[in-house]
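Q: Structural data only, the sequence is not supplied:
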């Protein structure tokens, strides 16, 4: 029971991280009070407090006694948030996937070294939901695909990668749109994700890195994106 509770706190921490990355909450902003935020996220206040504790250890939020919890104003956080401006840049699907190819294989490598057990459980949780959505042709494929890759990025404990989440999501979203016109992509994604999740579960960094690299290369080729 405690393990499930901790895993839920980790997922809620990732949800709040995504809100911050998407600038729903900006550096220096005060988060809503516990009651309102817990209600919005549909969790207990105990779970929310644990999620906020996780975010505090990551340096994303800070609690001020008697005042509330605030998004960190540190120079490094502000520099990371400047990266979000590029999400509005008009770039090609090729550029987006090349960006993923540059960062995500290494992210998978560091997850094997740095992820907590709860973070790894969260990654596998979203991986299984993603798999079910693909098998059932569920429209939530887009959402779970993003959550799966976001959980991997968050578990690197690297603020630069966290700041890139909106760009990862943009690439994934466009990829899902293309996948609807290329049925073979779903089967390939299932195969690649199962291999990747197994290596992540085993905490095999070199194999996880190679699996993520191959997954993105396979996706690019499925979309007829030239791979140099």
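A: Thanks, I have the structure now. Just so you know, these numbers come straight off a predicted model, no measurement behind them.

Q: For the most centrally placed residue in the chain, report the pLDDT, please.
A: With distances taken as Cα atoms, centre = their mean, residue 150 lies nearest the centre of the chain, 0.7 Å away. Residue 150 is assigned 89 on the pLDDT scale.

Q: Helix, strand, or coil at it?
A: helix (DSSP: H, G, I helix; E, B strand; the rest coil).

Q: so how far is residue 172 from it?
A: The span separating residue 150 from residue 172 equals 9 Å under the rule Cβ to Cβ, to the nearest Å. C-beta coordinates here come from the backbone N, C-alpha and C atoms, glycine included.

Q: quick one: the residue lying closest to the residue nearest to the centre of the chain once chain neighbours are set aside from residue 130, how far?
A: Of all residues not flanking residue 150 in the chain, residue 165 sits nearest, at 5.5 Å (Cβ to Cβ, 6 or more residues apart in numbering). To residue 130, residue 165 is 16 Å away according to Cβ to Cβ.

Q: any chance you could map the strands in the chain?
A: In chain order, the chain shows strands spanning 61-64, 68-71, with DSSP state E as the criterion.

Q: Show me the contact partners of the last one.
A: If you take Cβ atoms under 8 Å, 6 or more residues apart in numbering as the criterion, strand 68-71 is touched by 20, 25-31, 33, 52, 60-64, 77.

Q: returning to that earlier point: how about the strands of the chain, which one is nearest residue 201?
A: strand 61-64 (29.3 Å; Cβ to Cβ).

Q: ok, residues contacting that closest one?
A: Residues outside strand 61-64 that contact it (Cβ under 8 Å, 6+ apart) are 16, 31, 52, 55-56, 69-72.

Q: so what strands line up beside that strand?
A: Within its sheet, strand 61-64 is paired with strand 68-71 (antiparallel), according to DSSP bridges.

Q: residues of the strand it pairs with that come out buried?
A: Residues 69-71 are the ones in strand 68-71 that count as buried (16 or more other Cβ atoms under 10 Å).

Q: ok now that strand, how far from the chain's centre?
A: Averaged C-alpha coordinates place strand 68-71 at 22 Å from its chain's average position (Cα atoms, centre = their mean, to the nearest Å).

Q: Break this structure down into its domains, please.
A: Annotated domains of the chain cover 2-73, 83-222 [automatic domain parsing].
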